[in-house]
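Engineer: Model the following, please.
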Amino acid sequence: MVDSNTDSQISQDLITPLNTHFASHSKSSAMEPPQPPPPPPKSYWRFSKQDFFPEPSFQNLSTYITALLQTCHRLQDRLFCRSTDVTELIDLKKQSEYDMKQCLTWWDLIWMGFGAVVGSGIFSITGQETHNDAGPAIVLSYAASGLSALLSVFCYTEFAVEIPVAGGSFSFLRIELGDFIAFIAAGNILLEAVVGAAGLGRSWSSYFASMIKSDADFLRIRVNSFAEGFNLLDPIAVVVLAIANTIAMSGTQRTSCLNWVASIFSSGVIVFIIIVGFLHAKSSNLVPFFPYGAEGVFKAAAVVYWSYTGFDMVATMAEETKKPSRDIPLGLVGSMSIITVVYCLMALALVMMVNYTQVDVNAAYSVAFERIGMKWAKYLVSICALKGMTTSLLVGSMGQARYTTQIARAHMIPPWFALVHPRTGTPINATLLVTIISCIIAFFSSLDVLSSVFSFSTLFIFMLMAVALLVRRYYVKDVTPNHGLVKFLLCLFVILGSSIVITALWSSNKRGWIGYAVAGAFWLMGTLGMVLLPKRRVPKVWGVPLVPWLPSLSIGMNVFLIGSLGGVAFLRFFICSAVMLVYYLVVGVHATYDVSHQGNQEGKIEDRKGNANQEIS
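Structural biologist: Residues are numbered from 1 along each chain as shown. Reported below is the predicted structural model:
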């Protein structure tokens, strides 16, 4: 039996802490007001004004007019405001409410690079540029573009390893070059996203039509009353874009697995294309090698750069990568090095199979195999091309949506597009935005109209990325002295100026060596001057080798390729930029200003409350 005194002691030991707990709880309850229950989770599908324009400037007409009157002051503030690594990595993510799922490895990124790049241009642009601009020298066009793309890959990799966030180049530029430059880049990123997707949709339709009938426009609807370049309506392109984007919205890991399985099959078909192409090659098809001169080679190089785009989409997946420091360099640099070699071999196989004058501008490879008597191979090539463009659409859709998400997190577009779906872990709203606009553009616009706009935006962003890398290495706020900043800016100005002069001389058809020698000497002096400056930041994990030489060469090559696009591309770029600037002055500058100064405003309110409480007491 248990002694009654012992039993009562045990009961007392149990009751005493409980009484103490309840006493302290009641005391604290008496001192503090009861806390309200946490609010229920918000629905993902919500469409209130507060979700689209939560900033104080847009609360009502009066606040908006007040904001417009302060446009000059706010623009000046934004011009010199730079973001930080912490802001992009941590603070802005809160706008999405839910995190994206970290589920990707280096294996996923390698095949994403392959799936995003191979098929995005090699099957759709090669025929057009071979026939119209470069001839057999299209091989050199791909080599030049590949070198420029690889330099840009190095720049992207260093940033993505240290700042693994969904914003990609937008976030990197916002940190190093400031809010305003980042907005211009953001506008071009969105333009690149919708135009690139639309172009792929049109190419998919062309190849599918060529499998049914030797007419790439077979499934399009001609409207003679519309302007040339916009008079072939393409409903097939719209359907393909809608399906690809729906798959991308369903989940990152699922889309990645589908991509690498399909890409393995595609790599086998590409090997077949190269082998069979060389077996049926005729060296006579390489004569003349430069039918359009060196100008045609570089003009084609600027356009076929489209074939290398897509790797920047892989950089936007850094936020969903398990080990960015290991996986991103392997995925980006490894895949792009292999792709450059593959592209040159594929281009050479095409121009040796068929004379450049007989290359089809819309479905080059499938029609080439038909002309050498291998009709069955025509369908295999077309299937591979369709697969390549489909995976490019899938990966492109994922990357474009993540760009859009980070841009929305910064409030440059409504933050509603930054929301991540709690179940799929994907930014569905951002994906829908890109999908709808690209479907509208793909329905009306022809491939040649889209390609020049796309290439200009892409090259412009890559040039800015090289500049941003130099800024990151040589300028750190409150560390770099003023005289060091002046020297750095002078060297950068010389590099940019000499690159522009060389491009202008080439575009004006002046071939005297004196002008190029002088401009080249200035480029060399600017780069050498930067070599002598002390670096203010060392990469923590992985860095671009031979800085500043490689970024400086990347700036020169991108500027040169931009200058090779022609006057129409410049006109379209400036028109699009003017529209972006109007939007920024009317909406973007006020939204980002409010977000940037929100902490200061909240601090002032707290100070006022504190002063009022002191006066009352």
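Engineer: can you give me the strands in this structure?
Structural biologist: 221-222, 232-233 (DSSP state E).
Engineer: mind checking how far Val195 is from Lys213?
Structural biologist: As defined by C-beta to C-beta, to the nearest Å, Val195 lies at a distance of 28 Å from Lys213. Every C-beta, even on glycine, is put in place using the N, C-alpha and C of the backbone.
Engineer: Which one's more surrounded, those two?
Structural biologist: It is Val195, of Val195 and Lys213, that has more neighbours when counted by other C-beta atoms under 10 Å, with 28 against 10.
Engineer: Isn't the more buried one up against Ala442?
Structural biologist: No. Assessed by C-beta atoms under 8 Å, Val195 is found out of contact with Ala442, at 9.3 Å.
Engineer: so Asp77 makes contact with Thr592?
Structural biologist: No. Using C-beta under 8 Å, Asp77 is not in contact with Thr592, being 9.3 Å away.
Engineer: So for those two, which sits in the more crowded spot?
Structural biologist: In this view Asp77 and Thr592 are compared by other C-beta under 10 Å, and Thr592 has more residues nearby, 24 against 17.
Engineer: what about the helices in the stretch 201-350 of the chain?
Structural biologist: With DSSP state H, counting those that start in this stretch as the criterion, the stretch 201-350 of the chain has helices at 235-250, 252-279, 293-304, 311-315, 324-329, 335-353.
Engineer: For Val518, find the nearest of the ones you listed.
Structural biologist: Val518 lies closest, by C-beta to C-beta, to one member of the helices of the stretch 201-350 of the chain: helix 293-304, at 19.9 Å.
Engineer: Could you tell me the angle between the closest one and helix 335-353?
Structural biologist: Using axes from the mean of the first three to the mean of the last three C-alpha atoms, to 10 degrees, one finds that helix 293-304 and helix 335-353 are set 130 degrees apart in direction.
Engineer: Give me the buried positions along helix 293-304.
Structural biologist: Within helix 293-304, the residues scored as buried using 16 or more other C-beta atoms under 10 Å are 296-304.
Engineer: What are the contacting residues of it?
Structural biologist: Counting contacts by C-beta atoms under 8 Å, 6 or more residues apart in numbering, the residues outside helix 293-304 that touch it are 121, 125-126, 128-130, 133-135, 137-138, 140-142, 144-145, 290, 292, 451-452, 455, 459, 506, 509, 560-562, 564-566.
Engineer: Let's see that helix as CSV, backbone CA atoms only.
Structural biologist: C-alpha atoms of helix 293-304 as CSV (Å, rounded to 0.1, in the frame of the first residue of the first chain):
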residue,chain,number,x,y,z
GLY,A,293,30.5,39.4,-97.2
ALA,A,294,31.7,39.8,-93.7
GLU,A,295,28.8,42.2,-93.0
GLY,A,296,26.4,39.3,-93.6
VAL,A,297,28.3,37.1,-91.2
PHE,A,298,28.0,39.5,-88.3
LYS,A,299,24.4,40.5,-89.1
ALA,A,300,23.5,36.8,-89.0
ALA,A,301,25.5,36.4,-85.8
ALA,A,302,23.4,39.1,-84.1
VAL,A,303,20.2,37.3,-85.1
VAL,A,304,21.3,33.7,-84.5
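Engineer: Contacts only, for Leu350.
Structural biologist: Residues near Leu350 by C-beta under 8 Å, 6+ apart: 126-127, 130, 138, 277, 359, 364-365, 368.
Engineer: If any of those are buried, put those into a PyMOL selection.
Structural biologist: Selecting the buried subset of those in PyMOL, with 16+ other C-beta under 10 Å as the burial test, is done by:
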select buried, resi 126+127+130+138+277+359+364+365+368
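Engineer: can you tell me which of the contacts of Leu350 lies nearest to Val518?
Structural biologist: Ile138 (31.3 Å).
Engineer: follow-up on the earlier one: among the contacts of helix 293-304, which are located in helices?
Structural biologist: 126, 128-129, 138, 140-142, 144-145, 451-452, 455, 459, 506, 560-562 (DSSP state H).
Engineer: out of those residues, which are buried?
Structural biologist: By 16+ other C-beta under 10 Å, the ones in helices among the contacts of helix 293-304 give 126, 128-129, 138, 140-142, 144-145, 451-452, 455, 459, 506, 560-562 as buried.
Engineer: For this protein, which residues score under the pLDDT cut-off?
Structural biologist: Regions of the chain meeting the criterion pLDDT under 70 cover residues 1-41, 119-121, 124, 447-454, 511, 599-617.
Engineer: can you do 50?
Structural biologist: 1-30, 601-617 (pLDDT under 50).
Engineer: What about the closest residue to Val118 other than its chain neighbours, how many residues nearby?
Structural biologist: Leaving aside its sequence neighbours, Val118 sits nearest to Gly388 (C-beta to C-beta, 6 or more residues apart in numbering; 5.4 Å). For Gly388, the neighbour count with other C-beta under 10 Å is 31.
Engineer: With Val238 instead?
Structural biologist: Residues near Val238, counting by other C-beta under 10 Å: 20.
Engineer: Hmm, it is touching Ser438, no?
Structural biologist: No. Counting by C-beta under 8 Å, Ser438 is not a contact partner of Val238; they are 9.0 Å apart.
Engineer: list the residues that contact both of the two?
Structural biologist: Jointly contacting Val238 and Ser438 under the rule C-beta under 8 Å, 6+ apart are Gly201.
Engineer: in terms of contact, does Gln400 touch Ala197 like I think?
Structural biologist: Yes. Using C-beta under 8 Å, Gln400 is in contact with Ala197, at 6.8 Å.
Engineer: Between those two, which contacts overlap?
Structural biologist: Common neighbours of Gln400 and Ala197 (C-beta under 8 Å, 6+ apart) are Val434.
Engineer: Export the strands of the chain as CSV, with columns for distance to Val476.
Structural biologist: Output for these, formatted as CSV (distance: least, C-beta to C-beta, whole Å):
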stretch, distance to Val476
strand 221-222, 57
strand 232-233, 52
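Engineer: just so I know, which of those strands lies nearest Trp107?
Structural biologist: The nearest among those, by C-beta to C-beta, is strand 232-233 at 40.2 Å.
Engineer: What lies in contact with that closest one?
Structural biologist: 217, 220-223, 443-444, 446.
Engineer: Next, count neighbours for Phe462.
Structural biologist: Per other C-beta under 10 Å, the neighbour tally for Phe462 reads 27.
Engineer: ok, it - contacts?
Structural biologist: 148-149, 152, 155, 554, 558.
Engineer: now Met211
Structural biologist: Met211 makes contact with 366, 378-379, 382-383 under the criterion C-beta under 8 Å, 6+ apart.
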